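Colleague: sequence plus the predicted model coming up.
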Amino acid sequence: MNNNNKFVTKLKSQDNTYKELFQRNPNNPILTAKSWPYPVNTVFNPGVTHFQGKILLLARVEDRRGFSHFTKAISEDGVRNWQIDDIPTLEPEPDNHPEELWGIEDPRITRLDELGKWAITYTAFSRGGPLVAMALTDDFIHFERLGSVMPPEDKDAALFPRKVDGKWALIHRPIVTDYVPGAHIWLSYSDDLVHWSNSRVLMYARRGSWWDGSKIGLSATPLETAEGWLMLYHGVRQTAAGAIYRLGLALLDLDDPFKVLHRSDEWVFGPVEEYERQGDVADVVFAGGWVLDDKTGLLKMYYGGADTCIALATASINDILEYIRKCPESREMDIC
Ligand code: BMA
């Protein structure tokens with residue numbers, strides 16, 4: 001095996017097939033437009049959190065204009081019997097927030113124990129382009145909008161659940177058109193959640209034929225483990241048939257998350273099933289969040305399939321850590 005291939009066997013089983021880290025739920029897709037209490041085009045790319053002992057999804061819901069809003073769905077087991085709000089939970093408010101003119105998309109939810117609140121980071125689709133906006137809530141009924149926190153074009157943002165070195169930390173994904181052009185993952189710091197500074201690139205899209213060669217962006221909210229911040233990210237490969245959205249993993253240093261300790265060379269989850277391969281946008285798995293059951297060590301990842309439905313896949317946190325530990329350390333080749 002030459003040097004170029006030395007990292008590509010991490011997911012192989014004894015029988016020479018791939019050992020999948022994530023298992024799809026047999027009830028997938030667990031939520032579709034048909035599940036919704038009012039007419040919608042699609043439901044996808046949800047944020048997720050534990051809320052009052054249950055699992056709460058904040059789904060991106062697209063109407064037939066093409067505009068998105070968020071509606072919450074709550075379930076005991078995170079699989080069945082979803083209680084879905086009868087009306088949108090959080091709608092764009094372009095009169096007060098012009099940046100939300102063309103809708104709000106792809107929410108990520110972070111529980112901030114220090115504030116006793118949840119922060120929702122989302123894409124506001126403004127006339128000037130998509131940007132990062134933030135809102136706080138303590139009940140998922142009332143929301144305090146902080147407005148735009150990153151100018152366009154910027155998406156795929158989530159807060160770390162606690163301050164790092166005394167400051168709030170935000171992962172986000174601006175688009176850079178010059179120098180090292182592309183869609184790379186950045187990290188910025190703030191004292192007040194509104195004004196962000198010390199912005200630097202955390203991870204680059206890898207270019208060329210890599211599965212994450214064209215674009216990368218944060219998927220789920222960073223998860224704190226004893227070994228580092230676990231980061232799930234999506235990678236895009238542009239092909240003659242269109243883009244393929246897949247998911248990979250990285251582990252960041254707990255005290256200095258700018259240090260990428262390990263990054264998976266291979267994707268760990270990609271579009272395979274029909275509900276991931278066919279829909280409004282083909283070949284997309286797009287995760288907005290995951291929740292860890294501390295007792296069982298089971299990680300539940302919620303994702304959008306083909307920009308059309310919501311699905312669930314689970315993995316053991318121990319398996320994930322064992323896998324990421326064996327992945328390469330950040331290398332020169334990751335830095336375009
Ligand atoms: C991205 C985002 C996601 C979407 C994906 C695939 O740019 O807009 O909401 O799932 O494209 O269409």
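Modeller: Thanks, I have the structure now. What you are looking at is a predicted structure, and each value in this text was computed from that prediction instead of being measured.
Colleague: can you give me the strands for the stretch 1-150 of the chain?
Modeller: Ranges of strands in the stretch 1-150 of the chain, per DSSP state E, counting those that start in this stretch, are 23-24, 42-51, 54-62, 68-75, 83-84, 104-112, 117-126, 129-137, 144-150.
Colleague: okay, these in a markdown table with mean pLDDT, distance to V180 and mean neighbour count next?
Modeller: No exception for glycine: its C-beta is placed from N, CA and C like everyone else's. Shown next, in a markdown table, are the strands of the stretch 1-150 of the chain (pLDDT from 0 to 100; distance: least, Cβ to Cβ, whole Å; neighbours: other Cβ atoms under 10 Å):
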| stretch | mean pLDDT | distance to V180 | mean neighbour count |
| --- | --- | --- | --- |
| strand 23-24 | 98 | 36 | 16 |
| strand 42-51 | 98 | 27 | 25 |
| strand 54-62 | 98 | 30 | 24 |
| strand 68-75 | 98 | 30 | 22 |
| strand 83-84 | 98 | 43 | 16 |
| strand 104-112 | 98 | 24 | 23 |
| strand 117-126 | 98 | 23 | 24 |
| strand 129-137 | 98 | 20 | 21 |
| strand 144-150 | 98 | 19 | 17 |
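Colleague: write out the residues of the stretch 151-300 of the chain neighbouring the ligand.
Modeller: Y245, V281, V284, F286 (Cβ under 6 Å from any ligand atom).
Colleague: returning to that earlier point: can you redo the strands of the stretch 1-150 of the chain as JSON lines with distance to the ligand?
Modeller: Compiled in JSON lines, the strands of the stretch 1-150 of the chain are given as follows (distance: least, Cβ to the nearest ligand atom, whole Å):
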{"stretch": "strand 23-24", "distance to the ligand": "18"}
{"stretch": "strand 42-51", "distance to the ligand": "5"}
{"stretch": "strand 54-62", "distance to the ligand": "7"}
{"stretch": "strand 68-75", "distance to the ligand": "8"}
{"stretch": "strand 83-84", "distance to the ligand": "20"}
{"stretch": "strand 104-112", "distance to the ligand": "5"}
{"stretch": "strand 117-126", "distance to the ligand": "7"}
{"stretch": "strand 129-137", "distance to the ligand": "8"}
{"stretch": "strand 144-150", "distance to the ligand": "15"}
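Colleague: D294: which of these is closest?
Modeller: D294 lies closest, by Cβ to Cβ, to one member of the strands of the stretch 1-150 of the chain: strand 42-51, at 9.9 Å.
Colleague: ok, that closest one: who's next to it in the sheet?
Modeller: If you go by DSSP bridges, strand 42-51 pairs up with strand 54-62 (antiparallel).
Colleague: still on that earlier bit, would you tell me which of the strands of the stretch 1-150 of the chain gets closest to D95?
Modeller: strand 144-150 (12.3 Å).
Colleague: dump that closest one to CSV, restricted to CA.
Modeller: C-alpha atoms of strand 144-150 as CSV (Å, rounded to 0.1, in the frame of the first residue of the first chain):
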residue,chain,number,x,y,z
GLU,A,144,-35.0,36.7,21.5
ARG,A,145,-33.4,37.5,18.2
LEU,A,146,-29.8,38.8,18.4
GLY,A,147,-29.9,39.5,14.6
SER,A,148,-27.1,38.9,12.2
VAL,A,149,-23.8,37.9,13.7
MET,A,150,-21.8,37.2,10.6
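Colleague: tell me the strands beside that strand, with direction?
Modeller: strand 129-137 (antiparallel).
Colleague: quick one, the partner strand and strand 104-112 angle?
Modeller: In terms of direction (axes from the mean of the first three to the mean of the last three Cα atoms, to 10 degrees), strand 129-137 departs from strand 104-112 by 40 degrees.
Colleague: which SS state does D319 fall under?
Modeller: helix (DSSP: H, G, I helix; E, B strand; the rest coil).
Colleague: what packs against the helix or strand bottoming out on mean pLDDT in the chain?
Modeller: None of the helices or strands of the chain scores lower by mean pLDDT, DSSP states H and E than strand 182-183, at a mean of 88. Packed against strand 182-183 by the contact rule (3 or more Cβ pairs under 8 Å, 6 or more residues apart in numbering; DSSP states H and E) you find strand 168-176, strand 215-218.
Colleague: any idea which of those gets closest to T42?
Modeller: Comparing the helices and strands packed on strand 182-183 by Cβ to Cβ, strand 215-218 comes nearest, at 19.7 Å.
Colleague: helix or strand next in line after that closest one, which one?
Modeller: Counting by DSSP states H and E, the element after strand 215-218 in chain order, helix or strand, is strand 223-225.
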